[in-house]
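1. got a predicted structure here, sequence first:
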Amino acid sequence: MDKGYLSEHYLNAAGDADGHGAQLIRQKHEFSDLQDEIAGRENGKVRRFITGDKDLRGQERKDRQDIVQTALSALQARLLDPQYREAYTRAQSAITQAQSALNDALVDNAEELERLEAEAARLDDGTVIFMRPDGSAETRDGRIIPPSALIGVTIPEDATNVEEYRIAMQRSAELADIQTEIIDPARDRINDQDNPLSVEELQNFSDEINRVAAHISGSSEFSISQNRSSDDPLLPLGEPQLSSGPSP
């Protein structure tokens, strides 16, 4: 359907309804403006009938950006910053290394416990016992066996003593504490979606976790310090410290 037919039909309908020449002229101009806007031609007037595709696309793009920004968590928004992302990656790497060191230490300690039990003396019923300095013995669950009850029991010369076993058990418990009281909370803290650490806090965080990894690899015993402030944003349950116990 061409413009001429539409124009004629438009004018005829308007003439029948009103019959005034001025109205016909105004309607003719409006119709012409509409045709120009549809065709993308400038008519020297403010666009009244349709919105330009360019303007519409720009608004849609802005709306999408607003939706994406709203959907991002506080942590995800911070990670858009390269400096923050670098500090965050270092902190994640420190946790990964500490976890690896802890896994190795747990395996080594489990093997040590297995060796100590294999070399321990046993009662006639097979109960594992660990020798005490006074000649008595102690079971895994802490039951004391007096010397008189050990008469006739074969005690190897290098049988595991109770102190060796206690050290290994203490290390096992303390390594477990490092997992549950330091590494797991640390991992949760840096992944807090609503309250992310600052760049400076992440840097301090990495230093602390690296010290944890060094402590795990360099000693057989730890003590978990409970003296840190509960408001500390990094390691809320403290960090392991070297004890005065013997090294393996």
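-> Arrived safely.
2. does R85 touch L75 like I think?
-> No. Between R85 and L75 there is no contact under C-beta atoms under 8 Å: 10.7 Å. All C-beta spots, glycine's among them, are computed from the backbone N, C-alpha and C.
3. those two: which is more packed in?
-> When neighbours are counted by other C-beta atoms under 10 Å, R85 and L75 differ, and L75 comes out ahead with 17 against 13.
4. leaving out the residues flanking it, which one is nearest to that one?
-> In space, and not counting its chain neighbours, L75 is closest to P196: 4.3 Å by C-beta to C-beta, 6 or more residues apart in numbering.
5. neighbours around the one you found, how many?
-> Neighbours around P196, by other C-beta under 10 Å: 21.
6. got the phi and psi for it?
-> Main-chain torsions, P196, degrees, to the nearest 10: phi -70, psi 150.
7. the one 3 residues further on too?
-> Backbone torsions of V199, given as degrees, to the nearest 10, read phi -60, psi -40.
8. so what's the residue count around the closest residue to it other than its chain neighbours?
-> Leaving out its chain neighbours, the residue that sits closest to V199 by C-beta to C-beta, 6+ apart is A87, at 4.8 Å. Neighbourhood size, A87 [other C-beta under 10 Å]: 22.
9. avg pLDDT for the host helix or strand of A87?
-> In this structure, A87 sits in helix 82-118 according to DSSP states H and E. For helix 82-118, mean pLDDT rounds to 94.
10. same check on stretch 193-211?
-> 92.
11. hmm, who's touching it?
-> With C-beta atoms under 8 Å, 6 or more residues apart in numbering as the test, stretch 193-211 has contacts from 73-76, 78, 83-84, 87-88, 90-91, 93-95, 97-98, 186, 189-190, 233-235, 239.
12. could you pick out the buried ones from those?
-> The neighbour-count criterion (16 or more other C-beta atoms under 10 Å) marks 75, 78, 84, 87-88, 90-91, 94-95, 97-98, 186, 189-190, 234-235, 239 among the contacts of stretch 193-211 as buried.
13. what about V199, how many neighbours?
-> Around V199 sit 16 other residues, with neighbours defined as other C-beta under 10 Å.
14. check the gap between it and Q83 for me.
-> 6 Å (C-beta to C-beta, to the nearest Å).
15. got it, and D141?
-> Distance, D141 to Q83, by C-beta to C-beta: 55 Å.
16. just A105 next, same as before
-> 34 Å.
17. could I get the buried residue list for stretch 113-133?
-> Within stretch 113-133, the residues that count as buried by 16+ other C-beta under 10 Å are 116, 120-122, 128-131.
18. what is the helix holding A87 packed up against?
-> helix 162-178, helix 184-190, helix 199-218 (3 or more C-beta pairs under 8 Å, 6 or more residues apart in numbering; DSSP states H and E).
19. got a markdown table for these, with distance to P156 too?
-> Shown next, in a markdown table, are those (distance: least, C-beta to C-beta, whole Å):
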| stretch | distance to P156 |
| --- | --- |
| helix 162-178 | 13 |
| helix 184-190 | 41 |
| helix 199-218 | 32 |
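20. of all those, which lies closest to E111?
-> Ranking the helices and strands packed on helix 82-118 by proximity to E111 (C-beta to C-beta) places helix 162-178 first, at 10.0 Å.
21. buried set for that closest one?
-> Applying 16+ other C-beta under 10 Å to helix 162-178 flags 162, 164-165, 167-168, 170-172, 174-175, 177-178 as buried.
22. mean confidence for that helix?
-> Rounded mean pLDDT across helix 162-178 is 95.
23. who are the packing partners of it?
-> Packing partners of helix 162-178 (3+ C-beta pairs under 8 Å, 6+ apart): helix 82-118, strand 128-131, helix 199-218, strand 222-224.
24. could you dump these into a markdown table with distance to A149 added?
-> Below are the helices and strands packed on helix 162-178 laid out as a markdown table (distance: least, C-beta to C-beta, whole Å):
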| stretch | distance to A149 |
| --- | --- |
| helix 82-118 | 20 |
| strand 128-131 | 10 |
| helix 199-218 | 40 |
| strand 222-224 | 35 |
